[in-house]
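A.B. asks: test case, fold it:
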Amino acid sequence: MISQALKLRQLGKRVRVVAKDIRTYSRQAEELYEEAMRAGVQFFRYADDRPPQEVVTFEEGHVEFYDHYLGTRLRIPTDLLVLTVGLCPTEDNLAAQLKLSRSADGFYMELHPKLGPVETAVQGVYLAGASQGAKDVRESMAQALAAAGKAGALLARGEIEKEPLTAKHDPEKCIGCMRCVKVCPFNAIEQIGEPGKGTVRIAEAACMGCGNCAAECPVGAIEMPYFTRAQVTAQIDAALAEHPEEKVLVFTCNWCSYAGADLAGIEKRQYPTSSRIIRTMCSARLEERFVVRAFEQGAGAVLVTGCRLTEDGSDCHYNYANTHTYKRFKRWKRKLVRKGLAPERLQLRWISAAEGKEFAEKLHEMDEVVREYADKKSE
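C.D. replies: Numbering: from 1, shown residues only. Below you'll find the predicted structure:
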């Protein structure tokens, strides 16, 4: 819009721009804005807090609006009126079909602003141009080249190497409820037959190993290598073998909260020795039986942690998986509180990989909880 206004002004036309707001997000765009003002392009800002009929009107060759800065209504003659609107994301089913995360404004979300600016949480899907937000031609070209490079590098391999963390399905235990199909963030589980009568098949190439399906399965028909139920249960029992009422069992996800714990150590932040950390690939791997087991073993408190939960769940390394963690946690807590558990003994906290300080502070809070619990138990 600004570049077009400047070109018209350079042709000797009188140009006025009436906008609710103008934002220039790069040095080049800001320089263009300043050049347009020096060239004589007039910029006005209308007030959007006025009644609708007083915002901007056009009739009989005049534009009328209430000027935000002057505090009065202006009437400007014009020969040509050009209307422009802000860029809006396309409303389609692609995000749901590919399990892509969206930002708060509706555009597709990148994996990481710096480490993965063209990648998404879905392996093999890359972003370029306005699909991620408003961009100029230069930015779109740079991102398109980066996306093409990523895709080319992936295709040039011939074979895709994956870590052996994909879910394993036991058809003999499967009851065909299809709950795992509904919660998989990557559409890696295929339904075979009708619910209650059929079974499922897991595509290992698509599975990213979050463990969401294993936690959702009511009969244990899906298992996660290296984070099996027996292995996690053994860690719980070992952590609470001595003086369990003085321990805080902390479940962490590999990508965020566990990395936050690691950062706390790197930064030499002290936190109480009452904490016992158990790592999983994702907070969505946690099952109700793990939490129940911890309290059966006498744990003073249990803290569930994971990637930060936003409105679209996009901060999760496994797409929307942590939204299921939140739903399950609320259900677990309601059940345990009804059975007499003090609410403060079971808590949930979202912690990013950069929040070592917040991680240490939360463990200090949980230490106070177990101290109070231990004191009450000894009385």
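
A.B. asks: where does the stretch 201-350 of the chain dip in pLDDT?
C.D. replies: Scanning the stretch 201-350 of the chain for pLDDT under 70 picks out the ranges 310-314.

A.B. asks: do a quick rundown of the strands in it.
C.D. replies: 222-223, 248-253, 275-280, 301-306, 346-350 (DSSP state E, counting those that start in this stretch).

A.B. asks: by contact count, what packs against the fourth one?
C.D. replies: Helices and strands touching strand 301-306, as assessed by 3 or more C-beta pairs under 8 Å, 6 or more residues apart in numbering; DSSP states H and E, comprise strand 248-253, helix 257-266, helix 288-296, helix 321-338, strand 346-350, helix 356-378. C-beta coordinates here come from the backbone N, C-alpha and C atoms, glycine included.

A.B. asks: and the angle from that strand to helix 257-266?
C.D. replies: In terms of direction (axes from the mean of the first three to the mean of the last three C-alpha atoms, to 10 degrees), strand 301-306 departs from helix 257-266 by 100 degrees.

A.B. asks: quick one: strand 301-306 to helix 321-338, angle?
C.D. replies: In terms of direction (the same axes, to 10 degrees), strand 301-306 departs from helix 321-338 by 160 degrees.

A.B. asks: Asp237 contacts Glu296, doesn't it?
C.D. replies: No. Using C-beta atoms under 8 Å, Asp237 is not in contact with Glu296, being 10.0 Å away.

A.B. asks: buried stuff in stretch 5-17?
C.D. replies: Neighbour counts over stretch 5-17 (16 or more other C-beta atoms under 10 Å) mark 5-6, 8-9, 15, 17 as buried.

A.B. asks: dump it to PDB, keeping only the CA atoms.
C.D. replies: This file holds the C-alpha atoms of stretch 5-17, laid out as PDB (Å, rounded to 0.1, in the frame of the first residue of the first chain):
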ATOM      1  CA  ALA A   5       1.000   5.500  -2.700                       C
ATOM      2  CA  LEU A   6       4.600   6.700  -3.200                       C
ATOM      3  CA  LYS A   7       4.500   5.800  -6.900                       C
ATOM      4  CA  LEU A   8       1.300   7.800  -7.400                       C
ATOM      5  CA  ARG A   9       2.800  10.700  -5.500                       C
ATOM      6  CA  GLN A  10       5.900  10.600  -7.800                       C
ATOM      7  CA  LEU A  11       3.600  10.900 -10.800                       C
ATOM      8  CA  GLY A  12       2.300  14.100  -9.400                       C
ATOM      9  CA  LYS A  13      -0.900  12.800  -7.800                       C
ATOM     10  CA  ARG A  14      -2.200  14.000  -4.500                       C
ATOM     11  CA  VAL A  15      -2.400  10.900  -2.200                       C
ATOM     12  CA  ARG A  16      -4.000  10.500   1.200                       C
ATOM     13  CA  VAL A  17      -4.000   7.300   3.200                       C
END
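
A.B. asks: one step back: now the strands of the stretch 201-350 of the chain in CSV, with mean neighbour count and distance to Val122?
C.D. replies: Below are the strands of the stretch 201-350 of the chain laid out as CSV (neighbours: other C-beta atoms under 10 Å; distance: least, C-beta to C-beta, whole Å):
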stretch, mean neighbour count, distance to Val122
strand 222-223, 20, 20
strand 248-253, 27, 18
strand 275-280, 19, 21
strand 301-306, 26, 19
strand 346-350, 20, 22
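
A.B. asks: so which of the ones you listed gets nearest Thr24?
C.D. replies: strand 346-350 (33.4 Å; C-beta to C-beta).

A.B. asks: just the C-alpha atoms of the closest one, please, in CSV.
C.D. replies: Listed next in CSV are the C-alpha coordinates belonging to strand 346-350 (Å, rounded to 0.1, in the frame of the first residue of the first chain):
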residue,chain,number,x,y,z
LEU,A,346,-1.2,-33.0,42.5
GLN,A,347,-0.3,-30.1,40.3
LEU,A,348,0.3,-29.3,36.7
ARG,A,349,2.8,-26.7,35.4
TRP,A,350,3.7,-25.8,31.8
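
A.B. asks: tell me the strands beside that strand, with direction?
C.D. replies: Applying DSSP bridges, strand 346-350 is found paired with strand 301-306 (parallel).

A.B. asks: mind pulling up the pLDDT for Asp375?
C.D. replies: Note on Asp375: pLDDT of 85.

A.B. asks: what is the burial count for it?
C.D. replies: 10 (other C-beta atoms under 10 Å).

A.B. asks: please apply the same query to Thr233.
C.D. replies: Thr233: 16 neighbours (other C-beta under 10 Å).

A.B. asks: touching, it and Val292? I think so.
C.D. replies: No. When contacts are counted by C-beta under 8 Å, Thr233 is not listed as touching Val292 (10.7 Å).

A.B. asks: how about the strands of the stretch 201-350 of the chain, which one is nearest Ala151?
C.D. replies: strand 248-253 (28.2 Å).

A.B. asks: what's the closest one packed up against?
C.D. replies: helix 257-266, strand 275-280, strand 301-306, helix 356-378.

A.B. asks: and these as CSV, adding distance to Arg23?
C.D. replies: Output for those, formatted as CSV (distance: least, C-beta to C-beta, whole Å):
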stretch, distance to Arg23
helix 257-266, 33
strand 275-280, 41
strand 301-306, 33
helix 356-378, 31
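
A.B. asks: so which of the ones you listed is the most surrounded?
C.D. replies: Highest mean neighbour count among these (mean count of other C-beta atoms under 10 Å): strand 301-306, with a mean of 26.

A.B. asks: from the chain's centre, how far out does that strand sit?
C.D. replies: Averaging C-alpha positions (C-alpha atoms, centre = their mean, to the nearest Å) puts strand 301-306 19 Å from its chain's average.

A.B. asks: does Arg45 count as helix, strand or coil?
C.D. replies: With DSSP: H, G, I helix; E, B strand; the rest coil as the basis, Arg45 sits in strand.
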